[in-house]
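>>> below: sequence and its predicted model.
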Amino acid sequence: MTKVVDHIKNSSSALFSFEILPPHAGESINMLFDNIAPLMEFKPKFIDVTYHREEFVLKKRAGGLLEQKSIRKRPGTVAICAALMHKFHVDTVPHIICGGFTKEETEYALIDLNYLGIDNVLALRGDSIKGQSDFSASQGGHAFASELVEQIQAMNHGRYIDADLENAIPTNFCIGVAGYPEKHFEAANLTTDLKWLKHKVDCGAEYIVTQMFFDNSKFFSFVDKCREAGINIPIIPGLKPLTSKKQISMLASRFHIDIPEDLADAVAKARDDKEVRQIGVEWTINQSKELLTKKAPCLHFYSMGKSTAIRDIAEHLY
Ligand code: FAD
């Protein structure tokens, strides 16, 4: 497998990559294959696969009593990465999150990835459990992504949790982390957020993938501020084409991002979602073209389960 940073180093032009969600439990992996097959002709250098932590739902027991159950709606991130590699001969980047895991469980997952020859990971803290306002670390788990980066980096140096292991093989993970051009919603300000981003880099992160944004000036300003803060690793912009009216408020509230006035106005005037999709595709093409002229190392697209809009965009660019 090739590391994301080596793909970037070895290419003279911007790479194409995208992020997918694992199917819901009970769905066939073939649906996922069919969905992304049209994107493979654009030769993505890597595909990210998100990780979804458990949720708590109320289920009615016999007798009518409600019982709280823990369920995982989209399991299988590691298996999907292996299946995609096998099917499409493409590098995959599983997302590894802190929430819901002890350090030992994280180590076991990393050992599995190492056996599978998957050398890329995106290290994230993860969000709070649905319905809870604050993120809380699992007992014996990590509270911040930087701690996860430290654990992975320790394994890259042959240091596992059990200090008595002798001749433990060093892993070879290339570690990516998340960055937020419009700041992480919990951070007091962008400067503080950048301080913690720099800390993730100092702990061993080799590249950054950003939260989606719709205003390129926010990305360019973020890159400048990162460089001023001494963050010198590749910064990959994350892009999402709008495809429906309801996404305007959903994306703004879920991801804590601004939708530019021009885009919001155009979407508001659209007669239906078909028109919104066209507006969204054109907006992302324009964003992409500018990012390409300013030498972005890679354009990374959020599919959120749908690939056709990304296909239309890729056709214009690659
Ligand atoms: P961190 O880097 O740990 O930062 C979290 C907050 O704590 C920030 O406000 C930061 O400023 C602050 N902070 C960091 N370190 C410290 C410290 N040592 N002391 C005090 N404050 C600190 N979520 C998922 O559940 N699954 C996914 O697959 C997934 N994929 C994502 C992919 C990308 C590209 C992005 C941008 C986000 C993704 N997320 C995913 C969402 C992510 O988990 C959330 O945004 C989460 O709230 C923060 O994760 P982080 O890794 O950025 O956290």
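Received it, and whenever you're ready, just let me know what you need.
>>> count of residues packed around the residue nearest to residue 73 when sequence neighbours are not counted?
Nearest residue to residue 73 in three dimensions, chain neighbours excluded: residue 24, at 5.7 Å (C-beta to C-beta, 6 or more residues apart in numbering). C-beta coordinates here come from the backbone N, C-alpha and C atoms, glycine included. The criterion is other C-beta atoms under 10 Å. On that basis, residue 24 has 12 neighbouring residues.
>>> can you give me phi and psi for residue 24?
phi -60, psi 150 (degrees, to the nearest 10).
>>> likewise for residue 88?
phi -110, psi 0.
>>> report how many residues lie close to it.
16.
>>> again, but for residue 268
10.
>>> that one is in what secondary structure piece?
helix 261-269 (DSSP states H and E).
>>> after the helix or strand harbouring residue 236, heading C-terminal, what element do we hit next?
Here residue 236, judged by DSSP H and E, is contained in strand 235-239. Next helix or strand after strand 235-239 toward the C-terminus (DSSP H and E): helix 247-255.
>>> what angle do that next one and helix 261-269 make?
130 degrees (axes from the mean of the first three to the mean of the last three C-alpha atoms, to 10 degrees).
>>> gap between the nearest residue to residue 53 once chain neighbours are set aside and residue 139?
Closest residue to residue 53 apart from its sequence neighbours, by C-beta to C-beta, 6+ apart: residue 100 at 4.3 Å. According to C-beta to C-beta, to the nearest Å, residue 100 and residue 139 sit 11 Å apart.
>>> look at these two and report which has more neighbours.
residue 100 (17 against 6).
>>> surely the more buried one touches residue 142?
No: using C-beta atoms under 8 Å, residue 100 is not in contact with residue 142; the gap is 10.7 Å.
>>> check which helix or strand residue 211 maps to.
strand 207-212.
>>> distance from the chain centre to whichever helix or strand residue 281 is part of, please.
Using DSSP H and E, residue 281 sits in helix 273-293. Remark: helix 273-293 is offset 20 Å from the chain centroid, using C-alpha atoms, centre = their mean, to the nearest Å.
>>> so does the helix or strand following it get close to the ligand?
Under the assignment DSSP H and E, the closest C-terminal helix or strand after helix 273-293 is strand 298-302. No: judged by C-beta under 6 Å from any ligand atom, strand 298-302 stays clear of the ligand, getting no closer than 7.6 Å.
>>> gap between the helix or strand that strand 298-302 is followed by and the chain center?
Using DSSP H and E, the next helix or strand after strand 298-302 towards the C-terminus is helix 308-317. Distance of helix 308-317 from the chain centroid (C-alpha atoms, centre = their mean) equals 20 Å.
>>> state the mean pLDDT of helix 308-317.
For helix 308-317, mean pLDDT rounds to 97.
>>> what sits up against it?
16, 18, 38-39, 42, 241, 243, 277, 280-281, 284-285, 288-289, 292, 299, 301, 303 (C-beta atoms under 8 Å, 6 or more residues apart in numbering).
>>> among the residues you listed, name the buried ones.
16, 18, 39, 42, 241, 243, 277, 280-281, 284-285, 288, 299, 301, 303 (16 or more other C-beta atoms under 10 Å).
>>> out of those residues, flag the one nearest to residue 229.
Using C-beta to C-beta, residue 299 comes nearest to residue 229 of those, at 23.7 Å.
>>> that closest one and residue 101, how far apart?
31 Å.
>>> with just CA atoms, put stretch 117-125 into PDB.
The C-alpha trace of stretch 117-125 is given here as PDB (Å, rounded to 0.1, in the frame of the first residue of the first chain):
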ATOM      1  CA  GLY A 117      -1.600  -4.200   4.900                       C
ATOM      2  CA  ILE A 118      -3.600  -1.100   5.500                       C
ATOM      3  CA  ASP A 119      -1.000   1.600   6.300                       C
ATOM      4  CA  ASN A 120      -3.200   4.700   6.200                       C
ATOM      5  CA  VAL A 121      -5.500   5.900   9.000                       C
ATOM      6  CA  LEU A 122      -7.300   9.100   9.800                       C
ATOM      7  CA  ALA A 123      -7.200   9.700  13.600                       C
ATOM      8  CA  LEU A 124     -10.200  11.400  15.100                       C
ATOM      9  CA  ARG A 125     -11.700  12.100  18.400                       C
END
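>>> now the helices for the stretch 51-200 of the chain?
Ranges of helices in the stretch 51-200 of the chain, per DSSP state H, counting those that start in this stretch, are 77-88, 103-116, 145-156, 190-203.
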